[in-house]
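[1] Okay, sequence plus prediction incoming.
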Amino acid sequence: MTPVLIALLLVNAAFNTLVWPSFYRRVSRDPRARDDSGAPTRFLIVHAVLIGTALLIAAVSAVVAIIALTDGA
């Protein structure tokens, strides 16, 4: 794997790891996140799934980049 692709995977992993958790904090504080009884709404559930998927992609990107780095050594 080329160094450019490895760098892109690492940047992707870092970006997702830095951005999405703070976005989740904002979403979870939003009034639309919970109904009157305090149960999570579809708004919160959908955003949690999207954020979880983004973090999973970040983890996979980091693992692939690390494998590519150690494979080329």
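    Looks like it arrived, so ask away.

[2] okay, CA-based contacts and neighbour counts for the rest of this
    Noted.

[3] Please, where are all the helices along this structure?
    Using DSSP state H, the helices found in the chain span residues 3-29, 42-71.

[4] Adding distance to residue 35 and mean pLDDT, write the ones you listed out as CSV.
    Converted to CSV, the helices of the chain look like this (distance: least, C-alpha to C-alpha, whole Å; pLDDT from 0 to 100):
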stretch, distance to residue 35, mean pLDDT
helix 3-29, 12, 96
helix 42-71, 10, 96
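
[5] Save those as CSV, and put in mean neighbour count too.
    Formatted as CSV, the helices of the chain follow (neighbours: other C-alpha atoms under 10 Å):
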stretch, mean neighbour count
helix 3-29, 15
helix 42-71, 16
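
[6] contact partners of stretch 19-37?
    Stretch 19-37 is contacted from outside by 40, 41, 42, 43, 44, 47, 48, 51, 54, 55, using C-alpha atoms under 8 Å, 6 or more residues apart in numbering.

[7] Could you measure from residue 22 over to residue 15?
    Residue 22 sits at a distance of 12 Å from residue 15 (criterion: C-alpha to C-alpha, to the nearest Å).

[8] let me redo that: residue 63
    Residue 63 is 15 Å from residue 15, by C-alpha to C-alpha.

[9] Please apply the same query to residue 29.
    Distance from residue 29 to residue 15, counting by C-alpha to C-alpha: 22 Å.

[10] List the residues that contact the residue nearest to the spatial centre of the chain.
    The structure's the chain has its C-alpha centroid closest to residue 55; by C-alpha atoms, centre = their mean the separation is 2.4 Å. Residue 55 makes contact with 13, 16, 17, 20, according to C-alpha under 8 Å, 6+ apart.

[11] can you name the two of those residues that are farthest apart?
    13 and 20 (10.8 Å; C-alpha to C-alpha).

[12] With distance to residue 6 added, can I get the contacts of residue 55 in JSON lines?
    Listed next are the contacts of residue 55 as JSON lines, based on distance: C-alpha to C-alpha, whole Å:
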{"residue": "13", "distance to residue 6": "11"}
{"residue": "16", "distance to residue 6": "16"}
{"residue": "17", "distance to residue 6": "17"}
{"residue": "20", "distance to residue 6": "21"}
